[in-house]
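1. 3D, please:
(4 chains)
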Number of protein chains: 2
Amino acid sequence: MNPPVALQGLLLNISAVERETGLSKDVLRMWERRYGFPKPQRDDSGERQYSVPEVSKLRAIKRLMDVGTRPGKIIGLSAEELNAQADARVATPRDAQAPVLERDILALLLSHDVTGLQHALANQLMRQGLQRFILDTVTPLNRAVGDAWMRGELQIFEEHLYTEQLQAVLRTSINAFPRQAGVPRALLTTFPNEPHGLGLLMVEALLVPEGVQCISLGPQTPLEDIRRAALAHKAHIVALSFSAAFPVRQAADALTSLRRLLPQPMTLWAGGEMTRRVRKTMPGVVLIPDLAASINALRSWRTHYLPPAA
Amino acid sequence: MNPPVALQGLLLNISAVERETGLSKDVLRMWERRYGFPKPQRDDSGERQYSVPEVSKLRAIKRLMDVGTRPGKIIGLSAEELNAQADARVATPRDAQAPVLERDILALLLSHDVTGLQHALANQLMRQGLQRFILDTVTPLNRAVGDAWMRGELQIFEEHLYTEQLQAVLRTSINAFPRQAGVPRALLTTFPNEPHGLGLLMVEALLVPEGVQCISLGPQTPLEDIRRAALAHKAHIVALSFSAAFPVRQAADALTSLRRLLPQPMTLWAGGEMTRRVRKTMPGVVLIPDLAASINALRSWRTHYLPPAA
DNA sequence: CCGAAGCATTGTCTTGGACAAAAATTATCT
DNA sequence: AGATAATTTTTGTCCAAGACAATGCTTCGG
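-> Model prediction:
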């Protein structure tokens, strides 16, 4: 093991690479066996020592896999080719409407102007209102930040700072809404393998202004506990969020099981990047492929369960 | 693999147990080899299937290990004996002052009264002020919730709900303070192996009222990036937070390295449960064994760097 | 009472094989 | 054609046992 070495930024052991890339040790070793990449040096005791460029390439591969590419197709490519692939994916809406704000925010991040960043976010939020802010600003901004990070234009700490400030702004804004004992009540969480909670906050920001009473459990709630929580809180809607990286099949299985665990009249929503890769339709599970769809789904829930005549 | 089975709450595969307990697959297999516990059943294809009681016991063991006990000493004990050990550790300040609020909050959690919980927290916060709220209320409350969860009195989802609501309250309260371009500037984060960010929020809640300008990166920033961020933001203080589970040696190594990476005049703080287990003193690293100490450390920073005559 | 050396304990990494799970492809039936 | 089912390919996870690295405790020497 080599904490001191890793810190000098030269070589990383397999644990560090697992952390940095999100690829498990088993996968790293398996790829080496099968594809011949990565092929780390070994230290005196035969342990793998990954170089920084190797890790960068692994990260690029992981990012593409997260949007559905299979490793065998891309593991042989060079760093440039990988970047080209990634660019190709996001090029379409690139020159569309108004990436002005995006560029401003990125500039603020790069100049480490925390106060400016806060102001810019808060400003835009006040201008647009919470819902439009989420739909029109935050969503493309997240993508822009993610892309900038992947192509190395943004440091990790700058990306962290962005996430952190965004969460602060959203949380504050959500809490500013008077809490109502509203209908429907929605339970928000993610499955145990899904650590990303930003999506939950964004859904909450969309639903709360609509008068929904959101109960967020944060990320990583075991299935059985989701059921218990839904019953305990008498939720009308149970909403799960999935990031792009989540394996579709696992999600489908878990959703089907959860559907069985919940009483019939409870609505089950599944949202997030991953849901766009889902083929099969699951009875009793409403897919929410993008954030805007959550509002539509809410409207249709209301017309269905709250007849206007009431 | 067995999502459907695991979901029924009967048996868990090794990945699920790793998630639930924080013990790596390697450790789980090693213990089975060395100590004969855990000894999970096997499914048709020879894969380990852990029972719920087994996992509970593993959790109890992990909890004790996190406060310094070695596995060999306790792995043979029964669930009751483990609980007794855990109780013994916290019994001292048990009957001390006013666990009234603690009991109230736990009752609210158990009755799933979200609104009541929010009110109770917000109420107490307004009554005490942010700093005393953190020191006198939140700290013991966290412990109480953790203990209740470990002894099975609290479900996971109830614990999640508590954390979530607490974060919301703290975040809102912190943001209510006018942001000043204050001195000192403190950079807050955790090392890559440390996913728990609640500690950061609590420190921030203590420092912001003191006029400190806090820049939180959230959890899991690589060392090299901490350095870059500290330089970019011209931080006066870099504060790291560690939960009890963090391995002491790893923390010491990383802190020493980080110390070398940072320019001399920058102050380096290390806080959180783990720091109480540290023996060696590290030159240039200020240990903050509990939250109250962070305020003292701040005071002494100020007298040192901001002579009163100025 | 402190620090180093030695010893016991505990955790991480290794290999290569087996097979489970997911995705893609092909075949079959409306 | 368009869906559904079966098959094949690809990919990921688990296993075993061994090696040894890392940690913490104890004893020894100052």
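2. going forward, measure contacts between C-alpha atoms and count neighbours the same way
-> OK.
3. What residues of stretch A:21-32 count as buried?
-> Within stretch A:21-32, the residues that count as buried by 16 or more other C-alpha atoms under 10 Å in any protein chain shown are A:21, A:23, A:28, A:29, A:31.
4. Name the residues of chain A found near DNA strand C, please.
-> By the rule C-alpha under 7 Å from any atom of the strand, the part of chain A lying against DNA strand C is A:1, A:13-15, A:25, A:29, A:46-48, A:68-70, A:247-250.
5. Just the buried residues of these.
-> Buried subset of those (neighbour count, 16+ other C-alpha under 10 Å): A:13, A:14, A:29, A:48, A:247, A:248.
6. So for the closest residue in space to the fourth one that isn't next to it in sequence, what's the pLDDT?
-> If I follow you right, that is residue A:48. With C-alpha to C-alpha, 6 or more residues apart in numbering or on different chains as the criterion, residue A:48 has its nearest non-adjacent residue at 4.7 Å, and that residue is residue A:42. On pLDDT, residue A:42 comes in at 90.
7. All the helices of the stretch 201-310 of chain A, residue numbers only.
-> Using DSSP state H, counting those that start in this stretch, the helices of the stretch 201-310 of chain A run over residues A:223-232, A:248-261, A:291-305.
8. Compare these and report which one is nearest to residue B:109.
-> Closest to residue B:109 of the helices of the stretch 201-310 of chain A is helix A:223-232 (C-alpha to C-alpha; 10.6 Å).
9. Could you give me the buried positions within the closest one?
-> Buried residues in helix A:223-232 (16+ other C-alpha under 10 Å): A:223, A:224, A:225, A:226, A:227, A:228, A:229, A:230.
10. about what we covered before: in strands, which of the residues of chain A next to DNA strand C fall?
-> Within the residues of chain A next to DNA strand C, membership in strands is found for residue A:48, as judged by DSSP state E.
11. Which residues of chain A lie near DNA strand D?
-> For chain A, the contact set with DNA strand D under C-alpha under 7 Å from any atom of the strand comprises A:1-2, A:24, A:26-27, A:30-31, A:44-45, A:70-73.
12. quick one: which of those is nearest residue A:130?
-> Relative to residue A:130, the closest of these is residue A:70; by C-alpha to C-alpha it sits at 36.9 Å.
13. do you know how far the closest one is from chain B?
-> Plainly put, residue A:70 is 21 Å away from chain B if you go by C-alpha to the nearest C-alpha, to the nearest Å.
14. and what of residue A:131?
-> According to C-alpha to the nearest C-alpha, residue A:131 and chain B sit 19 Å apart.
15. and the closest residue in space to that residue that isn't next to it in sequence, what is it in contact with?
-> In space, and not counting its chain neighbours, residue A:131 is closest to residue A:206: 5.3 Å by C-alpha to C-alpha, 6+ apart. By C-alpha atoms under 8 Å, 6 or more residues apart in numbering or on different chains, the contact set of residue A:206 is A:130, A:131, A:134, A:294, A:295.
16. Next, the buried residues of stretch A:110-123.
-> A:112, A:114, A:117, A:118, A:120, A:121, A:122.
17. cool, and stretch A:172-182?
-> Within stretch A:172-182, the residues that count as buried by 16+ other C-alpha under 10 Å are A:172, A:173, A:174.
18. I'd say the second one and residue A:133 touch.
-> No: applying C-alpha atoms under 8 Å as the test, residue A:173 and residue A:133 come out as separate, 11.1 Å apart.
19. do the longest helix along chain A and chain B meet at all?
-> In chain A, assigned by DSSP state H, the helix with the most residues is helix A:156-176. Yes: applying C-alpha under 8 Å from any C-alpha of the partner chain, one finds helix A:156-176 touching chain B at A:156, A:157, A:158, A:160, A:161, A:164, A:168, A:171, A:172, A:175.
20. can I get the CA coordinates of the next helix or strand after that helix in CSV?
-> Using DSSP states H and E, the helix or strand that follows helix A:156-176 in sequence is strand A:185-189. Extracted in CSV, the C-alpha atoms of strand A:185-189 (Å, rounded to 0.1, in the frame of the first residue of the first chain):
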residue,chain,number,x,y,z
ARG,A,185,-47.9,12.9,0.0
ALA,A,186,-44.8,11.8,-1.8
LEU,A,187,-42.0,9.7,-0.4
LEU,A,188,-38.7,10.3,-2.0
THR,A,189,-35.6,8.1,-1.9
